[in-house]
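Chemist: only geometry, no sequence info:
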């Protein structure tokens, strides 16, 4: 068994729609390499910095992600019965070299948040004006009366105008 701790640059494809690992940023791999009958079992963790947009307010998100990684890299022996050369799903050893990029990509992308948040209690955006709620005053509103109730709101604000036509009077005369 061998323990390896190494930092490598991130490939460009470690991202989802709103968040991802910036290309070229440092990925910290803390791995354990074990010799097994079929090849080498690689297990450990990958830690990476995240950058993206908040899923609620579209503000900047900066965080880290840690993903578990486990991959079996098999020998390329032609005499070994369990290894077929055309099987694309199996990671292979190329001499002493391990290609962990596909396994690393799968582990990191699956660990990324689908809806990243700038903070856990992010209130999002105002649906009327599109401004972040966190930047708006507490009494911020966009009250627009329903036009169907406009006539009733006029009645509530004051008495009805007097009708100058005496034929329409309903009150008795003194």
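Modeler: Happy to help now that I have it. Source: prediction; values computed, not measured.
Chemist: Which other helices and strands does the longest helix along the chain contact?
Modeler: Using DSSP state H to define each element, the chain has its longest helix at helix 101-111. For helix 101-111, the packing partners by 3 or more Cβ pairs under 8 Å, 6 or more residues apart in numbering; DSSP states H and E come out as strand 26-35, strand 39-53, strand 60-74. Placement of C-beta: from N, CA and C, glycine included.
Chemist: switch the cut-off to 6 Å
Modeler: Helices and strands touching helix 101-111, by 3 or more Cβ pairs under 6 Å, 6 or more residues apart in numbering; DSSP states H and E, are strand 60-74.
Chemist: I'd like to check which residues are in contact with residue 55.
Modeler: Contacts for residue 55 (Cβ atoms under 6 Å, 6 or more residues apart in numbering) come out as 18, 115-116.
Chemist: Helix or strand: which one has the residue lying closest to it once chain neighbours are set aside?
Modeler: On the basis of Cβ to Cβ, 6 or more residues apart in numbering, the spatially nearest residue to residue 55 that is not a chain neighbour turns out to be residue 115, at 3.7 Å. Secondary structure assignment for residue 115, by DSSP states H and E: no helix or strand.
Chemist: Tally up the residues packed near residue 13, please.
Modeler: Per other Cβ atoms under 10 Å, the neighbour tally for residue 13 reads 12.
Chemist: how far away is it from residue 128?
Modeler: Using Cβ to Cβ, to the nearest Å, residue 13 is found at 38 Å from residue 128.
Chemist: Residue 93 and residue 14: what is the separation?
Modeler: Residue 93 sits 24 Å away from residue 14, going by Cβ to Cβ.
Chemist: Counting neighbours, go ahead and name the busier of the two.
Modeler: In this view residue 93 and residue 14 are compared by other Cβ under 10 Å, and residue 14 has more residues nearby, 24 against 17.
Chemist: wait, isn't that one in contact with residue 108?
Modeler: Yes: between residue 14 and residue 108 there is a contact at 5.1 Å, judged by Cβ atoms under 6 Å.
Chemist: Who are the contact partners of residue 25?
Modeler: 10, 49.
Chemist: Which pLDDT value belongs to it?
Modeler: For residue 25, the model assigns a pLDDT of 93.
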